[in-house]
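Engineer: quick one, what's the 3D model for this:
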Amino acid sequence: MKYYLKRIFSFDNFFATTFIFLIMWGLSNLKIQTEVFSPISDMFGDFEITDLVSSRIEAETPEDTNIVLVNIGNLSRKEIAAQIEIINKYNPKVVGLDAFFRKHKGDELDAPLETAFSKTHNLILASKLHYNEIIDEFDSLEHSHDKFVRYARTGHTNFITEGETMFRTARTFVPFDTVKYKNGIEVSVPAFATKIVEIFNPNSFQTLAKRGNAIEIIRYRGNIFGARRKFYVIDIDDLIQGNFSPSLIRNKIVLMGYLGDRVPSSKNTWDVDKFYTPLNSKYVGKAFQDMFGIVVHANVISMILHKDYIDESSELLSITLGFIICFFSVAIFHLIFQRVPLLFDPISKAFQLVLIVILNFIVAYLFLQKNYKVDLGIALIAIALAPDLFEIYLQLIKRGITFLFKKVYIRTTK
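Structural biologist: Residues are numbered from 1 along each chain as shown. You can find the predicted model right below:
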């Protein structure tokens with residue numbers, strides 16, 4: 001036992017692990033773009049194992065009856081005003097409208113909307129944070145025309161999306177963000193979903209605020225079509241014709257936003273206000289965006305109301321776990337190299353595969369059962385690189401250092 005402990009906790013294993021992490025750090029700082037890797041990047045670059053849990057494995061959740069979505073399609077301001085007039089008859093607790101009305105379009109279109117807004121209790125309109133790359137801060141806040149905003153409160157609708165040029169995957173949201181204006185004034189801006197929950201359920205809002213997280217992972221409940229349909233939707237014609245139950249609206253959150261020209265045709269389409277989410281059935285090599293922006297907001301609101309949060313490992317913990325896992329992997333590779341050098345490649349590859357499967361299983365289990373997302377990406381990359389870099393360390397780095405020390409020793413002893 002003492003022999004194996006000495007072999008595991010050797011200086012070679014420590015220095016080899018350090019060498020692997022230095023190479024990883026160097027590669028992470030190289031911006032290499034090549035067409036050779038683009039097909040692989042397109043297919044796997046936006047995939048996380050937790051997406052598989054969300055889209056295929058996670059237990060079914062009931063429909064959220066606190067929220068109803070109303071499709072505004074491509075209606076004019078006057079037609080949206082007519083929708084709001086109908087909605088107001090049934091006394092919703094909060095109305096959130098994910099749309100912008102930036103410019104004056106004449107009294108014929110604007111006046112009805114102003115009137116409808118003035119009669120709406122607890123109206124939340126969308127705003128948008130604008131990022132300044134020079135100062136690395138949000139420096140302005142865009143919202144609808146002042147004549148509309150005076151009847152409402154606002155919340156930002158920005159989502160953190162990954163791979164802006166290829167994918168728009170919404171996995172996280174920012175509950176509160178800060179705008180730093182040019183005059184030095186800093187203003188905290190709540191998210192659209194955060195502001196709605198603050199009015200609808202102050203207790204749930206306080207729970208979110210006390211968590212104090214700058215970024216929250218979105219716990220997706222479902223979509224508006226298919227097997228994962230979890231939110232009620234009132235389409236354009238149904239609202240006008242009264243084809244809905246008043247109980248869907250009374251004392252509820254009404255979210256108005258774009259859901260396509262007609263809801264049934266909104267599944268497989270490309271759209272500006274549409275995102276990829278972890279619920280996408282094609283979680284590798286995504287084809288169509290699977291969720292409209294207003295439905296993403298509904299999922300965020302539902303998560304906050306139900307206090308169904310996902311906690312996440314810190315960056316320091318991820319690096320530490322990565323180093324520890326890599327260290328013990330290197331120790332095993334070292335042992336294989338010493339005992340069966342001729343079979344090093346096949347055995348090390350088999351060990352890599354088994355370890356990667358085990359680590360992904362752990363990530364999936366923690367996410368599914370403990371509502372905890374641990375980032376083992378660094379560990380997985382280290383394991384993938386470890387066998388080859390370990391051989392480089394032994395054949396080049398260690399031999400080179402040994403040669404230099406011998407040369408220095410000979411010179412100093414003459």
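Engineer: and the helix or strand where Glu198 lies, average pLDDT?
Structural biologist: Assigned by DSSP states H and E, Glu198 belongs to helix 192-200. In this model, helix 192-200 has an average pLDDT of 98.
Engineer: could you do stretch 150-163 as well?
Structural biologist: On average, stretch 150-163 scores 83.
Engineer: re the thing from before, and the next element down the chain from the helix holding Glu198?
Structural biologist: Next element after helix 192-200 (DSSP H and E): helix 202-211.
Engineer: show the subsequent helix or strand relative to that following helix.
Structural biologist: Taking DSSP H and E, what comes next after helix 202-211 is strand 216-217.
Engineer: now the strands for the stretch 51-200 of the chain?
Structural biologist: Taking DSSP state E, counting those that start in this stretch, the strands of the stretch 51-200 of the chain run over residues 67-71, 94-97, 123-132, 137-143, 153-156, 160-162, 169-173, 176-180, 186-190.
Engineer: buried sites along the last one?
Structural biologist: Right, strand 186-190. 189-190 (16 or more other CB atoms under 10 Å). Just so you know, the C-beta spots here come from the backbone N, C-alpha and C atoms, and that holds for glycine as well.
Engineer: other residues contacting it?
Structural biologist: 127, 129, 141, 155-156, 175-181, 198 (CB atoms under 8 Å, 6 or more residues apart in numbering).
Engineer: tell me who's in contact with the residue nearest to Lys182 when sequence neighbours are not counted.
Structural biologist: Sequence neighbours aside, Asp139 is the residue nearest to Lys182 in space, at 6.5 Å (criterion: CB to CB, 6 or more residues apart in numbering). Neighbour list for Asp139: 130-132, 179-182 [criterion: CB under 8 Å, 6+ apart].
Engineer: what does the helix holding Glu198 rub up against?
Structural biologist: By CB under 8 Å, 6+ apart, helix 192-200 touches 66, 93-94, 96, 98, 122, 124, 126-127, 153-157, 173, 175-176, 190, 204-205, 208, 253, 255, 297, 300-301, 304-305.
Engineer: where does pLDDT dip in the stretch 201-350 of the chain?
Structural biologist: 263-272, 283-287 (pLDDT under 70).
Engineer: would you check that Phe15 makes contact with Tyr393?
Structural biologist: Yes: at 7.2 Å, Phe15 and Tyr393 qualify as touching, with contact defined as CB atoms under 8 Å.
Engineer: who's more crowded, these two?
Structural biologist: Between Phe15 and Tyr393, counted using other CB atoms under 10 Å, the more crowded position is Tyr393 (24 against 15).
Engineer: lowest-confidence stretch among the strands of the stretch 51-200 of the chain?
Structural biologist: Looking at the strands of the stretch 51-200 of the chain, the lowest mean pLDDT belongs to strand 160-162 (a mean of 59).
Engineer: nearest to Leu368, of the strands of the stretch 51-200 of the chain?
Structural biologist: Leu368 lies closest to strand 169-173 among those, at 16.0 Å (CB to CB).
Engineer: before we move on, back to that, for Phe148, state which of the contacts of strand 186-190 is nearest.
Structural biologist: The closest of those, once distances to Phe148 are taken by CB to CB, is Ser127, at 11.7 Å.
Engineer: quick check, the closest one in contact with His156.
Structural biologist: Yes: counting by CB under 8 Å, Ser127 touches His156, with 5.0 Å between them.
Engineer: spell out which residues are contacts of both of those two.
Structural biologist: Contact criterion CB under 8 Å, 6+ apart; residues shared by Ser127 and His156: 141, 189, 192.
Engineer: okay if I get the strands of the stretch 51-200 of the chain as TSV plus distance to Gln352?
Structural biologist: Formatted as TSV, the strands of the stretch 51-200 of the chain follow (distance: least, CB to CB, whole Å):
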stretch	distance to Gln352
strand 67-71	45
strand 94-97	48
strand 123-132	40
strand 137-143	42
strand 153-156	43
strand 160-162	26
strand 169-173	27
strand 176-180	41
strand 186-190	45
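Engineer: got the phi/psi numbers for Met291?
Structural biologist: Phi and psi for Met291, reported as degrees, to the nearest 10, are phi -150, psi 130.
Engineer: how many residues are close by it?
Structural biologist: Residues near Met291, counting by other CB under 10 Å: 24.
Engineer: out of the contacts of strand 186-190, which are buried?
Structural biologist: Buried, going by 16+ other CB under 10 Å: 127, 129, 141, 155-156, 175-177, 179-180, 198, out of these.
Engineer: need the max-distance pair from the residues you listed.
Structural biologist: Counting by CB to CB, the most remote pair of those is Lys180 and Glu198, 22.7 Å apart.
Engineer: at the geometric centre of this structure, which residue do we find?
Structural biologist: Nearest to the geometric centre of the chain sits Arg171, at 1.8 Å (CA atoms, centre = their mean).
Engineer: just checking, it touches Arg219?
Structural biologist: No: Arg171 sits out of contact with Arg219 when judged by CB under 8 Å, with a separation of 10.4 Å.
Engineer: sorry, back to before: so how far is Pro92 from the residue nearest to the centre of the chain?
Structural biologist: Arg171 sits 29 Å away from Pro92, going by CB to CB, to the nearest Å.
Engineer: by contact count, what packs against the one helix or strand Leu366 maps to?
Structural biologist: Assigned by DSSP H and E, Leu366 belongs to helix 344-370. Identification of packing neighbours for helix 344-370 by 3 or more CB pairs under 8 Å, 6 or more residues apart in numbering; DSSP states H and E yields helix 49-52, helix 315-339, strand 372-373, helix 377-392.
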